[in-house]
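Visitor: Build me a model from this:
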Amino acid sequence: MKGTKTVYNCSECEYQSPKWLGKCPDRGHFNTMQEEIVRVAEPQKNELRGGMYATKTRAMPLSEVGYEKFQRIKSGISEFDTVLGGGIVPGSLVLLGGDPGIGKSTLLTQVSAHLAKTQNAPTLYVSAEESCSQVKMRCERLGLNSDNLLLLNETCLEDIEGALGESRFVVIDSIQAVYTETLSSAAGSVGQVRECAAKLMRIAKSRNITFFIIGHVTKEGSLAGPKVLEHIMDTVLYFEGQPEDNFKLLRAVKNRFGSAQEVGVFEMTDCGIKSVNDYAEIFLSETRGVAAGSAVTPSESGNRCMNVEIQTLISKTAYGMPRRMSLGVDYNKLVVLIAVLEKRCGIPFYASDVYINAMGGIKLDEPSTDLAICAALASAANDVPIDKYTAVFGEVGLTGEIRAVNFAEKRVVECIKTGFKQVVLPAKNMKVCEKYKDKIKLVPVQYVGQMIKALNLRNANTPPTFGEKTEN
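Guide: Numbering: from 1, shown residues only. Coordinates of the predicted model:
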């Protein structure tokens with residue numbers, strides 16, 4: 001016997017209640033409980049055999065499990081392939097989120113047109129929010145044309161499944177506009193998004209169809225809908241950037257087939273979205289080395305390394321409590337490094353506002369950027385610029401010591417490729433990088449004070465610290 005029941009789901013989390021509540025007990029959100037009518041079915045019991053219920057599936061030993069080999073498929077956009085881990089994996093689910101107007105539909109339109117041209121099977125573009133004529137206008141503007149690219153304007157998931165045909169690649173734009181007839185709630189609700197995503201996952205794995213799914217984001221920047229939406233997906237990507245800026249960043253936050261720290265750089269042009277291979281224009285400023293307060297660090301992101309400039313600004317505070325603001329750098333890390341410079345190096349910040357920014361909108365989360373942040377802060381505090389061809393990397397401890405970091409050799413090689421002449425690095429990483437001393441000047445340091453002395457960032461009013469007295 002099948003029946004129905006009414007439940008209330010929180011639109012901000014996965015909390016479910018049998019009755020309406022004004023405040024979500026789980027996260028404390030107000031007016032987020034939405035009514036949903038779901039169908040329930042009486043569970044079917046398996047046949048009883050020998051006092052136990054028999055199951056239709058059988059567990060397999062690890063030695064008997066076969067290894068499925070797959071060949072990645074190129075999307076036609078090199079940066080998109082890099083973020084995916086080298087290309088598109090057949091039968092996978094890729095979720096792409098981003099702010100409205102950031103370029104999600106444009107990116108996947110280019111990818112679907114390329115797949116329709118290069119692959120023998122047709123590619124289906126399901127536009128649940130736009131008409132087919134609007135998608136065609138976009139394709140004409142981008143110069144895209146292929147008979148294997150099929151357009152469908154449909155919001156019912158059952159009708160979409162019936163229209164798949166021989167398609168091996170499907171774009172769903174967007175998951176919040178699609179609904180399933182098995183639920184009576186409105187499209188975009190927590191239950192609809194969860195059920196539609198689960199059904200698309202079953203279709204993808206059973207029929208080996210690759211799905212690219214566009215998802216809306218909330219005002220906080222996270223994907224709208226239940227968190228289980230991200231759990232179901234094989235890959236979760238975020239398209240970031242300012243609407244008025246031509247450069248965009250594609251970040252992977254989850255990837256079952258590659259690194260989850262990859263970042264792709266794109267440029268929005270009149271002819272569509274193009275990959276950016278030269279990052280100097282985005283993450284490095286042309287005037288670095290002229291003004292004080294900037295330092296360059298080689299940042300490791302997934303399988304690539306790129307030089308990023310960190311800029312700081314220090315001004316006298318006008319309030320009782322000095323301000324600390326950071327963009328692209330963790331706020332807590334900034335506060336800790338300021339305390340280290342005050343205690344270990346004698347640089348005062350207690351009466352100054354400190355602002356820090358990572359160029360290009362990139363987020364620097366790895367510990368190797370600690371020493372570059374300290375260098376930028378010391379440069380701004382003492383008003384001494386750092387040479388534009390000098391890079392800095394290393395992890396800073398609370399005692400002021402410089403710890404070794406991973407991929408030190410790869411960072412030095414990237415600095416050599418981009419024309420840098422000097423690298424300040426941890427002394428413990430000097431052994432693996434010593435073979436490059438003929439190509440670039442290597443400056444090993446053990447304490448933050450040694451870095452300040454090596455870059456001549458100490459003015460005449462600052463007394464020498466323990467780290468500066470210690471010899472290299």
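
Visitor: Please count neighbours and contacts with C-alpha atoms only from this point.
Guide: Will do.

Visitor: Who are the contact partners of the residue sitting nearest the centre point of the chain?
Guide: A centroid search over the chain (C-alpha atoms, centre = their mean) returns residue 251, at 2.8 Å, as the residue closest to the centre. Residues in contact with residue 251 (C-alpha atoms under 8 Å, 6 or more residues apart in numbering) are 83, 237-240, 261-264.

Visitor: Please pick the buried ones from those residues.
Guide: Among the contacts of residue 251, those classed as buried by 16 or more other C-alpha atoms under 10 Å are 83, 237-240, 261-264.

Visitor: Which entry within these corresponds to the minimum pLDDT?
Guide: pLDDT is lowest at residue 261 among the buried ones among the contacts of residue 251; the value there is 79.

Visitor: At which residues are the helices of the protein located?
Guide: Using DSSP state H, the helices assigned to the chain run over residues 78-84, 104-118, 132-142, 157-162, 190-207, 228-232, 280-283, 331-345, 370-382, 408-417, 430-433, 448-454, 466-469.

Visitor: same for the first one, what does it pack against?
Guide: Judged by 3 or more C-alpha pairs under 8 Å, 6 or more residues apart in numbering; DSSP states H and E, the packing partners of helix 78-84 are strand 247-255, strand 263-269, strand 272-275.

Visitor: most tightly surrounded among the ones you listed?
Guide: Neighbour counts (mean count of other C-alpha atoms under 10 Å) averaged over each of the helices and strands packed on helix 78-84 peak at strand 247-255, with a mean of 21.

Visitor: ok, that one: who's next to it in the sheet?
Guide: Sheet pairing of strand 247-255 (DSSP bridges) gives strand 235-240 (antiparallel), strand 263-269 (antiparallel).

Visitor: returning to what we had before: do you know how far the residue nearest to the centre of the chain is from residue 112?
Guide: Per C-alpha to C-alpha, to the nearest Å, residue 251 is found 20 Å from residue 112.

Visitor: What is the burial count for residue 453?
Guide: Neighbour count for residue 453, taken as other C-alpha atoms under 10 Å: 16.

Visitor: related to what we said a few turns ago, got the contacts of residue 251 as CSV, with distance to residue 420 columns?
Guide: Output for those, formatted as CSV (distance: C-alpha to C-alpha, whole Å):
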residue, distance to residue 420
83, 27
237, 32
238, 31
239, 31
240, 29
261, 25
262, 24
263, 23
264, 23
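
Visitor: for the stretch 201-350 of the chain, which spans come out with low pLDDT?
Guide: Under the criterion pLDDT under 70, the flagged ranges of the stretch 201-350 of the chain are 243-244.

Visitor: oh, I was asking about the stretch 351-472 of the chain
Guide: Scanning the stretch 351-472 of the chain for pLDDT under 70 picks out the ranges 459-472.

Visitor: Quickly compare the helices of the chain and say which is most buried.
Guide: Comparing those by mean neighbour count (mean count of other C-alpha under 10 Å), helix 370-382 ranks first with a mean of 26.

Visitor: Check which helices and strands that one sits against.
Guide: Partner elements for helix 370-382 (3+ C-alpha pairs under 8 Å, 6+ apart): strand 294-301, strand 304-316, helix 331-345, strand 390-392, strand 395-396, helix 448-454.

Visitor: tell me the angle the third one makes with helix 370-382.
Guide: It stands for helix 331-345. Between helix 331-345 and helix 370-382, the angle comes out at 70 degrees (axes from the mean of the first three to the mean of the last three C-alpha atoms, to 10 degrees).

Visitor: Need the contact partners of helix 331-345.
Guide: For helix 331-345, the external contacting residues (C-alpha under 8 Å, 6+ apart) are 324-326, 347-349, 370, 373-374, 377-378, 396, 398-400, 448-449, 464-467.

Visitor: For residue 90, see how far away the closest residue to residue 312 other than its chain neighbours is.
Guide: The spatially closest residue to residue 312, leaving aside those adjacent along the chain, is residue 356, at 4.3 Å (C-alpha to C-alpha, 6 or more residues apart in numbering). As judged by C-alpha to C-alpha, residue 356 and residue 90 stand 42 Å apart.

Visitor: Same question for residue 167.
Guide: Between residue 167 and residue 90 the distance is 12 Å, computed by C-alpha to C-alpha.

Visitor: Mutual contacts of the two, please.
Guide: What both residue 167 and residue 90 touch, as defined by C-alpha under 8 Å, 6+ apart, is the set residue 209.

Visitor: Alpha carbons only: can I get stretch 384-403 in PDB?
Guide: Provided in PDB are the C-alpha atoms of stretch 384-403 (Å, rounded to 0.1, in the frame of the first residue of the first chain):
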ATOM      1  CA  VAL A 384      61.100  49.100   2.400                       C
ATOM      2  CA  PRO A 385      60.100  47.500  -0.900                       C
ATOM      3  CA  ILE A 386      61.100  44.000  -1.900                       C
ATOM      4  CA  ASP A 387      62.900  43.400  -5.200                       C
ATOM      5  CA  LYS A 388      60.400  42.400  -7.900                       C
ATOM      6  CA  TYR A 389      62.500  39.400  -8.900                       C
ATOM      7  CA  THR A 390      62.500  37.900  -5.400                       C
ATOM      8  CA  ALA A 391      60.100  35.100  -4.300                       C
ATOM      9  CA  VAL A 392      59.500  33.900  -0.700                       C
ATOM     10  CA  PHE A 393      58.000  30.700   0.600                       C
ATOM     11  CA  GLY A 394      58.100  28.700   3.900                       C
ATOM     12  CA  GLU A 395      56.000  27.900   6.900                       C
ATOM     13  CA  VAL A 396      56.300  30.000  10.000                       C
ATOM     14  CA  GLY A 397      56.000  28.600  13.600                       C
ATOM     15  CA  LEU A 398      55.000  30.500  16.700                       C
ATOM     16  CA  THR A 399      58.600  30.600  17.800                       C
ATOM     17  CA  GLY A 400      59.600  32.400  14.600                       C
ATOM     18  CA  GLU A 401      61.300  29.300  13.100                       C
ATOM     19  CA  ILE A 402      60.900  28.500   9.400                       C
ATOM     20  CA  ARG A 403      59.700  25.000   8.700                       C
END
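
Visitor: Please point out which parts of it sit buried.
Guide: Under 16+ other C-alpha under 10 Å, the buried positions of stretch 384-403 are 384-397, 400-403.

Visitor: next one: stretch 143-151
Guide: 144, 146, 148-151.

Visitor: what's the distance between residue 92 and residue 311?
Guide: Between residue 92 and residue 311 the computed distance is 40 Å (C-alpha to C-alpha).

Visitor: can you check residue 318 too?
Guide: On the measure of C-alpha to C-alpha, residue 318 and residue 311 end up 22 Å apart.

Visitor: Those two - which one has more neighbours?
Guide: residue 311 (25 against 11).

Visitor: residues contacting the more buried one?
Guide: By C-alpha under 8 Å, 6+ apart, the residues touching residue 311 are 293-295, 356-359, 376.

Visitor: To residue 156, which of the strands paired with strand 247-255 lies closest?
Guide: Residue 156 lies closest to strand 235-240 among those, at 23.5 Å (C-alpha to C-alpha).

Visitor: ok and the closest one relative to helix 104-118, angle-wise?
Guide: If you take the same axes, to 10 degrees, strand 235-240 sits at 130 degrees to helix 104-118.

Visitor: could you dump strand 235-240 to CSV, C-alpha only?
Guide: The C-alpha trace of strand 235-240 is given here as CSV (Å, rounded to 0.1, in the frame of the first residue of the first chain):
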residue,chain,number,x,y,z
THR,A,235,33.0,16.5,-9.0
VAL,A,236,31.9,19.8,-7.6
LEU,A,237,33.2,23.0,-9.2
TYR,A,238,32.8,26.7,-8.3
PHE,A,239,33.0,29.4,-10.9
GLU,A,240,34.2,32.6,-9.2
